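> Would you be able to build a 3D model of this:
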Amino acid sequence: MKIIDKHPRLAREGWFYVALTLFAAVLTSSVFVWWIAALFWVIAIFVLQFFRDPYRPIPQDAGVIVSPADGKVIFTGLVKDPYLDREAFKISVFMNVFSVHSNRAPDAATVKDIWYSKGAFVNAALDKASMENERNAVHFVTQGGYDVVSVQVAGLIARRILCYVDKGQSLDRGERYGFIRFGSRVDLFLPADFDIGVKLGDNVSSGSSVLGRF
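Predicted coordinates:
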């Protein structure tokens with residue numbers, strides 16, 4: 001196992017929201033009745049847990065793919081890859097508001113292309129969200145020469161997809177490359193003969209859960 005992050009940390013995307021909610025909680029504690037203050041403290045604690053970004057031990061086994069997102073596996077199967085026009089094996093991971101929302105590279109790879117598409121904000125747990133919602137697809141070419149497309153998909157509440165990589169950039173397996181605020185999903189398109197190691201309903205962790213192998 002390789003650890004990408006040395007210490008647990010708070011995602012930088014949440015610093016403003018954490019500071020704001022903590023300030024509101026402290027302020028209401030000195031001004032309002034206890035139950036109003038308690039409500040703001042609950043909100044502050046929720047925001048803190050939402051933007052947590054802990055370290056992850058990254059598996060180093062050759063040929064494996066790790067999950068790009070935290071959450072529950074809601075789809076597995078052969079589909080038509082709309083990005084590379086091929087038959088592909090698709091794995092979808094749904095992130096709820098209690099998941100860690102950092103997205104990580106599924107393998108050591110180079111970014112070959114990025115496609116951003118505007119769209120709707122329907123429930124990310126629905127199959128139609130993959131093609132109807134706002135989304136950002138990153139085409140990775142692994143060190144072994146495999147094409148992998150990881151798609152960040154916005155959800156009903158998630159209205160902000162953040163992607164920090166550029167074409168030509170190389171990443172380590174499990175390296176952080178993006179973030180999605182609030183409930184959402186990530187779709188992974190892999191070679192059709194991918195040997196899956198998870199099943200529907202499994203809970204996975206970004207960077208550390210092995211989804212299968214080439």
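> got the domain boundaries for the chain?
9-53, 62-213 (automatic domain parsing).
> Residues touching the strand or helix carrying Asn136, excluding its own?
If you go by DSSP states H and E, Asn136 is part of strand 135-142. Identification of contacts with strand 135-142 by C-beta atoms under 8 Å, 6 or more residues apart in numbering yields 83-84, 105-117, 119, 147-154, 161, 163, 165, 171, 177-178, 214. Using the backbone N, CA and C atoms, a C-beta is placed for each residue, glycine as well.
> And that strand, what's buried?
135-142 (16 or more other C-beta atoms under 10 Å).
> Show the average pLDDT along it.
Computed over strand 135-142, the mean pLDDT rounds to 96.
> Distance to Asp70 for the buried residues of strand 135-142 - can I get that in JSON lines?
Shown next, in JSON lines, are the buried residues of strand 135-142 (distance: C-beta to C-beta, whole Å):
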{"residue": "Arg135", "distance to Asp70": "18"}
{"residue": "Asn136", "distance to Asp70": "18"}
{"residue": "Ala137", "distance to Asp70": "19"}
{"residue": "Val138", "distance to Asp70": "17"}
{"residue": "His139", "distance to Asp70": "22"}
{"residue": "Phe140", "distance to Asp70": "19"}
{"residue": "Val141", "distance to Asp70": "25"}
{"residue": "Thr142", "distance to Asp70": "22"}
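> Of those residues, just say which sits nearest to Pro57.
Closest approach to Pro57 among those (C-beta to C-beta): Thr142, at 20.0 Å.
> Could you report the separation of the closest one from Leu162?
23 Å (C-beta to C-beta, to the nearest Å).
> Next up, the contacts around the closest residue in space to Leu84 that isn't next to it in sequence.
Leaving aside its sequence neighbours, Leu84 sits nearest to Asp147 (C-beta to C-beta, 6 or more residues apart in numbering; 5.9 Å). Going by C-beta under 8 Å, 6+ apart, Asp147 touches 84, 86, 112, 139-141, 191.
> of these, closest to Pro68?
For the contacts of Asp147, the minimum distance to Pro68 (C-beta to C-beta) is 9.6 Å, reached by Phe140.
> ranges for the helices of this structure?
Per DSSP state H, the chain carries helices over the ranges 15-31, 34-50, 129-132.
> between those, which gets nearest to Gly77?
helix 129-132 (12.4 Å).
> where's that closest one relative to the chain centroid, distance-wise?
Centroid separation between helix 129-132 and its chain, computed with C-alpha atoms, centre = their mean, to the nearest Å, is 16 Å.
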